[in-house]
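[1] What follows is a predicted protein model with its sequence.
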Amino acid sequence: MSLREAEQQHRTERDRALDDQRVMSFALWCEVCGFSPDTGRRLLKAGKGPIVTQISDRRIGVTVGNNRRWQQSRERA
């Protein structure tokens, strides 16, 4: 593996790690998951949604990583 290829692989791994940290707004999270904001609020209120991140006093969001883990926990065999 050349030095350039090694640097590219490292950069890709770093970008993937940062993507897991990226915070989606509540509205974007609902859109990505394919349900309405009302359904998203019901899921969170019932404690059946992903871990949320407090963006500001009045805004919440979901990190890409938390959304991925939540979706994986809901998979059926």
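    Yep, it's here. Residues are numbered from 1 along each chain as shown.
[2] okay, CA-based contacts and neighbour counts for the rest of this
    Fine.
[3] Would you state the strands of the protein in chain order?
    For the chain, the strands defined by DSSP state E cover 23-25, 53-54, 60-63.
[4] list the helices and strands the lowest-mean-pLDDT helix or strand in the chain packs on?
    Least confident helix or strand, the chain: helix 3-21 with a mean of 74, by mean pLDDT, DSSP states H and E. Packing contacts for helix 3-21, counted by 3 or more CA pairs under 8 Å, 6 or more residues apart in numbering; DSSP states H and E, involve helix 64-73.
[5] so the helix it packs on versus helix 3-21, what angle?
    Computed by axes from the mean of the first three to the mean of the last three CA atoms, to 10 degrees, the angle separating helix 64-73 from helix 3-21 equals 70 degrees.
[6] Using a markdown table, lay out the strands of the chain together with mean neighbour count and distance to A77.
    A markdown table is the format used below for the strands of the chain (neighbours: other CA atoms under 10 Å; distance: least, CA to CA, whole Å):
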| stretch | mean neighbour count | distance to A77 |
| --- | --- | --- |
| strand 23-25 | 19 | 28 |
| strand 53-54 | 14 | 29 |
| strand 60-63 | 20 | 25 |
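[7] can you tell me which of those strands comes nearest to L44?
    Closest to L44 of the strands of the chain is strand 60-63 (CA to CA; 10.9 Å).
[8] Figure out how far the closest one is from the centre of its chain.
    With CA atoms, centre = their mean, to the nearest Å as the basis, strand 60-63 stands 7 Å off its chain's centre.
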